[in-house]
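J.: structural data only, the sequence is not supplied:
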């Protein structure tokens with residue numbers, strides 16, 4: 001049976017279920033926005049269950065009201081509760097206050113990924129994983145450590161990495177992140193070039209290196225848990241080939 005426009009299910013005489021954004025009115029589907037502007041979903045003509053971004057439903061007015069009725073507010077849940085302010089303002093007790101350099105919460109609005117600033121044009125501390133770079137081409141910017149030093153997670157300068165991404169380790173002078181798997185075959189995470197603490201699938205850590213669980217014919221009969229090779233049949237009853245303690249092949 002072909003249902004009327006915007007109707008999901010119907011009988012021979014009426015619609016019983018409408019698509020999102022419509023409600024049943026006189027046996028047919030009517031758009032929520034035709035009854036309540038800026039309403040995305042509703043059950044009846046006077047009860048919106050989802051307003052457009054930047055609006056909230058006001059039962060007393062049977063419609064979606066703009067969050068801009070709260071001064072400098074971008075998102076809200078009621079006429080008195082703002083949840084997100086426009087740029088240049090920050091949230092205090094559900095209201096929006098003007099950003100000033102001493103309002104640290106605003107620093108990221110001045111400089112992306114900045115967490116401490118002395119003015120609207122000067123960042124003094126970047127978020128973890130970023131470094132504040134000063135120079136002719138990168139003035140006043142927090143730049144991701146990984147963009148300065150490949151595979152670096154945390155850095156204190158553009159040449160000093162203090163923590164590499166998982167699977168990489170810092171060389172002796174912290175200027176590079178080197179691959180654990182290249183230095184220690186089948187290693188997924190390591191402390192240094194000769195100490196692995198987590199191996200790839202089907203390998204377990206033994207004295208800082210990765211040892212295979214079984215041989216090439218039996219390796220898939222084991223899974224690794226807490227860096228220890230365990231038979232599939234122990235973790236999963238009647239399972240003889242697996243990739244984890246919950247996935248049998």
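T.: Looks like it arrived, so ask away. Fair warning: this is a prediction, and the values are worked out from it, not measured in the lab. Numbers count the residues shown, from 1 in each chain.

J.: run a quick neighbour tally on residue 172.
T.: Counted with other CB atoms under 10 Å, residues neighbouring residue 172 total 8. Where you see a C-beta, it was placed from the backbone N, CA and C, and this is true even at glycine.

J.: distance of it relative to residue 48?
T.: With distances taken as CB to CB, to the nearest Å, residue 172 is found 62 Å from residue 48.

J.: in the chain, where is pLDDT below threshold?
T.: Residue ranges of the chain with pLDDT under 70: 101-104, 118-121, 134-140.

J.: so where do the helices sit in this structure?
T.: Applying DSSP state H to the chain gives helices spanning 32-35, 107-110, 145-148, 180-183, 232-235.

J.: could you dump these into a markdown table with mean neighbour count added?
T.: Shown next, in a markdown table, are the helices of the chain (neighbours: other CB atoms under 10 Å):
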| stretch | mean neighbour count |
| --- | --- |
| helix 32-35 | 18 |
| helix 107-110 | 20 |
| helix 145-148 | 19 |
| helix 180-183 | 18 |
| helix 232-235 | 16 |
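
J.: those into a markdown table, with extra columns for distance to residue 92?
T.: Listed next are the helices of the chain as a markdown table, based on distance: least, CB to CB, whole Å:
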| stretch | distance to residue 92 |
| --- | --- |
| helix 32-35 | 34 |
| helix 107-110 | 14 |
| helix 145-148 | 32 |
| helix 180-183 | 46 |
| helix 232-235 | 52 |
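
J.: please list all residues in contact with the spatially closest residue to residue 81 that is not a sequence neighbour.
T.: Setting aside the residues directly before and after it, residue 81 is nearest to residue 94 in space (CB to CB, 6 or more residues apart in numbering), at 4.6 Å. Contacts for residue 94 (CB atoms under 8 Å, 6 or more residues apart in numbering) come out as 80, 81, 82, 83.
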